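Engineer: I'd like to go over a predicted model; first the sequence, then the structure.
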Amino acid sequence: MSDSATSETGPSDDPRPGGDPRPGGALRDRWSETLLAVRGGAGPDPTPYADNLLDRWAEPQRRYHTTAHLTQVLDRVDTLAGHASDPELVRLAVWFHDAVYRPDRSENEERSAALAERALPEAGVPGAATAEVARLVRLTVTHDPTDGDTNGEVLCDADLAILASAPKEYAAYAAQVREEYGFVPDDAFREGRSAVLRQLLELPRLFRTPHGVREWEPRARQNLTTELELLSR
């Protein structure tokens, strides 16, 4: 699954029934379960698609947007799944939402959505499902789903849930973001990051699902406020 197609990676000759013990095996299993559930019938081996996506999520320029982030967002979708109209499509969107990631580029979400639009039909996913996944990936530009967009609400809440982590974990997240933007001078980074934090704090609400509003909103606002204060010193 290069930017042009997935078929450049050959099919696995070892399906490893009962779970994949290789590095990343648990994530490969989760990908396969989701893909098979969405396409609902026969199709290409899911493994090459998982391998290509995992290679993308392990690229060296990443510090926060890694397979650890992928796993965390998938876990949070599991927590919120009852709110989504189609949680399996949300899970596919999680796999693609940062599949293309270059900190020095502004079109990552669009390129990630376009990748989904190319790869998923090849993997046997119907057109309507592919379109919904691509829509959800593009939604992560703003994290601003419309009221009633339950799939979008779950994806955006799951992606932003790191903001509500414990202080030590949040500090590690903030440090990883700074590492990803290591090419940006300190003054420029502080200015840009502060603008992002203020924009988030000005939103009437960060989270849209009942769980997110109840469990994550207060701590997230405290974390954002603390980071903004630290950047202002």
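Structural biologist: Thanks, I have it.
Engineer: all contacts plus neighbour counts: C-alpha atoms, from now on.
Structural biologist: Noted.
Engineer: residue contacts, the nearest residue to A161 once chain neighbours are set aside?
Structural biologist: Using CA to CA, 6 or more residues apart in numbering and skipping the chain neighbours, the partner closest in space to A161 is W216 (6.8 Å). Contacts of W216 were listed using CA atoms under 8 Å, 6 or more residues apart in numbering, and they are 161, 163-164, 207.
Engineer: How about L228?
Structural biologist: 194, 197-198.
Engineer: Of these, just say which sits nearest to L155.
Structural biologist: When the contacts of L228 are compared for distance to L155 (CA to CA), L197 wins out at 19.9 Å.
Engineer: Test my guess that that closest one contacts N223.
Structural biologist: No: if you go by CA atoms under 8 Å, L197 and N223 don't touch, sitting 9.9 Å apart.
Engineer: out of those two, which sits in the busier spot?
Structural biologist: N223 (20 against 16; other CA atoms under 10 Å).
Engineer: That one: helix or strand, and which one exactly?
Structural biologist: helix 217-231 (DSSP states H and E).
Engineer: just the helices in the protein please.
Structural biologist: Assigned by DSSP state H, the chain shows helices spanning 25-39, 47-57, 67-80, 87-97, 108-122, 127-139, 150-160, 167-180, 186-202, 210-211, 217-231.
Engineer: could you give the angle of the third one to helix 150-160?
Structural biologist: Put plainly, it is helix 67-80. 140 degrees (axes from the mean of the first three to the mean of the last three CA atoms, to 10 degrees).
Engineer: and helix 67-80, which residues are buried?
Structural biologist: Residues of helix 67-80 classed as buried by neighbour count (16 or more other CA atoms under 10 Å): 67, 69-74, 76-77, 80.
Engineer: what's the answer for the fifth one, then?
Structural biologist: Of the residues in helix 108-122, those scored as buried under the neighbour-count criterion (16+ other CA under 10 Å) are 108-120, 122.
Engineer: got it, and stretch 189-200?
Structural biologist: Buried, per 16+ other CA under 10 Å, within stretch 189-200: 189-190, 193-194, 197, 200.
Engineer: Same question for stretch 162-177.
Structural biologist: 162-165, 170-171, 173-174, 176-177.
Engineer: would you list those in TSV and tack on pLDDT?
Structural biologist: Below are the buried residues of stretch 162-177 laid out as TSV (pLDDT from 0 to 100):
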residue	pLDDT
I162	98
L163	98
A164	98
S165	98
Y170	98
A171	97
Y173	98
A174	97
Q176	97
V177	97
